[in-house]
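Student: Everything below, folded, please.
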Amino acid sequence: EVCGVRVTKVLHGHDMTEGQFVFSVTADNDASASKLSNMTLYSPGADSGAIAKVLETLPITLTQSDIGKTYSYTFAERKGNAAGYKYDENTYNLDITTHDAGDGTLTATVVLTNTKTNKELFRETVSEKDKALGENGVVIPFENRYDGSTDVSGGTKATISADKTLTGRSLKAEEFTFMLAPKLADGSEGKVLQTEKNKDDGTIPFEALSYKTSANAAGDGVILSKAVKDGYATKVTNDKGTVYTLYYRVYEDTTSLPKGVTLTPTNPFIDFTVTVTDNGDGTLTAVTKYPDGKSKFGFVNQYGTDDVDVNVTGSKTLYRAKDLTPNDITGKFTFTLEAVTKGAPMPDKTTAKNDAAGNVDFGNITFDLDLLKDVKPEEDGTRSKAFEYKVTESGSAAGVTNDPDAVTGKTFSITLTDDGKGKLTAAKDSTQEPAFTFINTYSVGELPSSITDQIKINKELTGRDLKKGEFHFELLEDGKVAAKGTNNADGNVTF
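Tutor: The predicted structure is shown next:
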C-alpha cells in the first residue's frame, strides 16, 4: 500500500448507530469497474461528534498493465429521509493514474475532487518510495447533523413553576429575588441563567427551559452536548433512545430581604433535575422533576415583629365638698372590661377593683402581628387597626352617687400599627389618659327631726286637770327663740 484512501463519517447532535448511514463507491466507467467493482459501505456506531472510519483503504493493486490508464470512482452518501437529520450532499471523485517511473517501478497520481464544489482536495504522486498513508493520504469526509429541539412542533420545553409565600403580612410585587443556575458536579452553582422577582400573587415567572442537540437546531436552547461538557448534565443511551439529565438549583437572594422578613427553617435553595428525551425524530421532550413529588417549587418566608404590651389603667374619682370626709372606698366598686371590636385581645383579668386612691388596673393587653393579617397595607407598607374597648362600673358606698355612665360604660381605643419594617406599636388615644375615668359624688343630705326627740319636757298642774295647749313654752339659743311649743293633755311639751 502506497496511498491510503479513507472514508470517514461524523454525526453531530446524536449518537450514530451501526449501519445507520449508507455510502456508495461507484466506478465511473467499465475500465474502472473491471479494476474495482462497485461497493456499498455502512457506518459503524459512534458517539455524537466522533469521527468514525467507514473505509480504511481502497483495495486496488496497480500493475504494469495499468500504465497510462486512469481509474475513476465516485463516493457519495445515500440520502435518507429520517426526520431531524441533515444529510451530507457532497460527492467526491477519485482519479488514479498509473505511470512508468523509468526505473522499473510504478508511480500513481491520485487526485480527489469535491464535485459539488468543484474543489480539488488532494493531488499527490505516490510510489513505493514516496507513500501517502494515514492522515497524509486521501480522506473522504462525510458529515451529517441531527437537529433535535424542544422548540419545534412536537417538542416540549421544561416549565419551571415556583411561587413565594410570605406569612405575617401581605406580599408585595417584586420584593423578593430568585435565581436559576446549573448545579455542577462538585455541588457548586454555575453561571446564573435567569433572575426573576415575584409577582403580587406570589408566582415567580421563570421562563421555560429550551434544549437542542446542535447549534444549528431550532431555538435558543441549551446545546445538550455542551451541558455535558460543562459538567451539569449526564447522557445515557439505551435501546429506548438517548436521555439527558440536567442538574439545576433555584434559590432566593437572601442578601436583600426586606426588614422584618426572616427565612423559614426550609433551605433558601432547591435542587432539581430536568430530563430531556431525544425522540429521534427531531423533537426533544423536556420534563422538570420537582422534589418530593410536588408540582412546583415553594419558597416560604416569615414577616414578624415583637409583640407589644399595653397597660390598661383607669381612674375612679370621688368628688366631694372640701369640708366633707367620706369613708374609705377601697374595693367598693368593681369595673368590667369588654371588647367592642370583634377579636380584640384581652388582658388576663377582665374585672378590677379600685384602690384607695381610685386607681383601676386591668394589667397588660398583648398585641401581636396576627391581629393585622386581614388589613391591606398602605403604599408605604404600613398597616393599622383600632381596637375599641368598654368599661362599666358597679358597686356602692354610703353617701356616694355613681357616675351617670356607670351602667352604659365608657369607651377607649388602642391603635395597633405595623410600620412594614418589622416594628409593631400600640398606642391609646392621646386624648384619653388615663384610658377611662369614672366620677362619683359624695354628699351629705339634710336630716329633719323634732327637738322633742332629743329633749323630754313635761308640764304638771295641781288642783285640776291639765288642758291641751293652755301653756306655752320657748326654747332659747344664745338668748334668741329657736323653737316654740305647747303642752298636750298629758303634759308632754312639743316644740
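Student: For the most centrally placed residue in the chain, which three-state class applies?
Tutor: Closest residue to the average C-alpha location of the chain: Lys164 at 2.3 Å, with Cα atoms, centre = their mean. Here Lys164 takes the strand state, with states given by DSSP: H, G, I helix; E, B strand; the rest coil.
Student: Enumerate the beta-bridge partners assigned to it.
Tutor: Counting by DSSP bridges, Lys164 forms beta bridges with Phe299.
Student: Test my guess that it contacts Gly202.
Tutor: Yes: using Cβ atoms under 8 Å, Lys164 is in contact with Gly202, at 4.7 Å. (C-beta placed from N, C-alpha, C; glycine too.)
Student: Which is the succeeding secondary structure element to the host helix or strand of Thr425?
Tutor: Taking DSSP states H and E as the criterion, Thr425 maps to strand 424-428. Following strand 424-428 in sequence order, the next helix or strand is strand 437-442 (DSSP H and E).
Student: which helices and strands sit right next to that following strand?
Tutor: Counting contacts by 3 or more Cβ pairs under 8 Å, 6 or more residues apart in numbering; DSSP states H and E, strand 437-442 packs against strand 308-319, strand 333-339, strand 400-401.
Student: Considering the ones you listed, which stretch scores lowest in mean pLDDT?
Tutor: When those are compared by mean pLDDT, strand 400-401 comes last with a mean of 87.
Student: Specify the angle between the helix or strand just after it and strand 424-428 in degrees.
Tutor: Toward the C-terminal end, the helix or strand that comes next after strand 400-401 (DSSP H and E) is strand 410-418. Calculated by axes from the mean of the first three to the mean of the last three Cα atoms, to 10 degrees, strand 410-418 forms an angle of 160 degrees with strand 424-428.
Student: Could you export strand 410-418 as CSV, CA atoms only?
Tutor: Written as CSV, here are the backbone C-alpha positions of strand 410-418 (Å, rounded to 0.1, in the frame of the first residue of the first chain):
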residue,chain,number,x,y,z
LYS,A,410,-67.1,54.4,79.0
THR,A,411,-65.1,53.5,75.8
PHE,A,412,-61.5,53.9,74.8
SER,A,413,-59.4,52.7,71.8
ILE,A,414,-55.9,51.3,71.2
THR,A,415,-54.4,51.6,67.7
LEU,A,416,-52.1,48.8,66.5
THR,A,417,-49.6,49.8,63.8
ASP,A,418,-47.1,47.8,61.8
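Student: Show me the contact partners of that strand.
Tutor: Strand 410-418 has contacts (Cβ atoms under 8 Å, 6 or more residues apart in numbering) with 169, 305, 308, 310, 340, 365, 367, 369, 371-372, 382-391, 424-429, 432, 435-438.
Student: follow-up on the earlier one: could you measure from the residue nearest to the centre of the chain over to Asp88?
Tutor: Distance from Lys164 to Asp88, counting by Cβ to Cβ, to the nearest Å: 51 Å.
Student: how long is stretch 340-356 from one end to the other?
Tutor: Start-to-end span of stretch 340-356 (Cα to Cα, to the nearest Å) is 29 Å.
Student: List the contacts of it.
Tutor: Residues from elsewhere that reach stretch 340-356 (Cβ under 8 Å, 6+ apart): 312, 316, 328-339, 360-368, 371, 386-390, 411.
Student: chain center to that stretch, what's the gap?
Tutor: Relative to its chain's centre, stretch 340-356 lies at 41 Å (Cα atoms, centre = their mean, to the nearest Å).
Student: Can you flag the buried ones in the contacts of strand 410-418?
Tutor: Neighbour-count burial (16 or more other Cβ atoms under 10 Å) applied to these gives 169, 305, 308, 310, 365, 367, 369, 371-372, 383, 385, 387, 389, 391, 424, 426, 428, 435-438.
Student: coming back round to it: for the helices and strands packed on strand 437-442, give me CSV that also has distance to Arg145.
Tutor: Formatted as CSV, the helices and strands packed on strand 437-442 follow (distance: least, Cβ to Cβ, whole Å):
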stretch, distance to Arg145
strand 308-319, 69
strand 333-339, 76
strand 400-401, 104
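Student: all helices for the stretch 151-300 of the chain, in order.
Tutor: 224-230 (DSSP state H, counting those that start in this stretch).
Student: where in it is pLDDT low?
Tutor: 265-267 (pLDDT under 70).
Student: how about the strands of it, start to end?
Tutor: For the stretch 151-300 of the chain, applying DSSP state E, counting those that start in this stretch gives strands covering 162-167, 177-182, 194-197, 211-212, 222-223, 233-238, 241-252, 261-263, 269-278, 284-289, 297-303.
Student: Just the buried positions in the second one, please.
Tutor: Read that as strand 177-182. Buried positions in strand 177-182, judged by neighbour count with 16+ other Cβ under 10 Å: Thr177, Phe178, Met179, Leu180, Ala181, Pro182.
Student: Hmm, the second one is touching Asn301, no?
Tutor: No: using Cβ under 8 Å, Phe178 and Asn301 do not qualify as a contacting pair, with a distance of 11.6 Å.
Student: shared neighbours of the two, which are they?
Tutor: Lys164, Glu252.
Student: circling back: so for Lys164 and Gly202, which residues contact both of them?
Tutor: Leu171.
Student: so Pro224 touches Ala217, yeah?
Tutor: Actually, residue 224 is Leu rather than Pro. No: with contact defined as Cβ under 8 Å, Leu224 does not count as touching Ala217 (9.7 Å).
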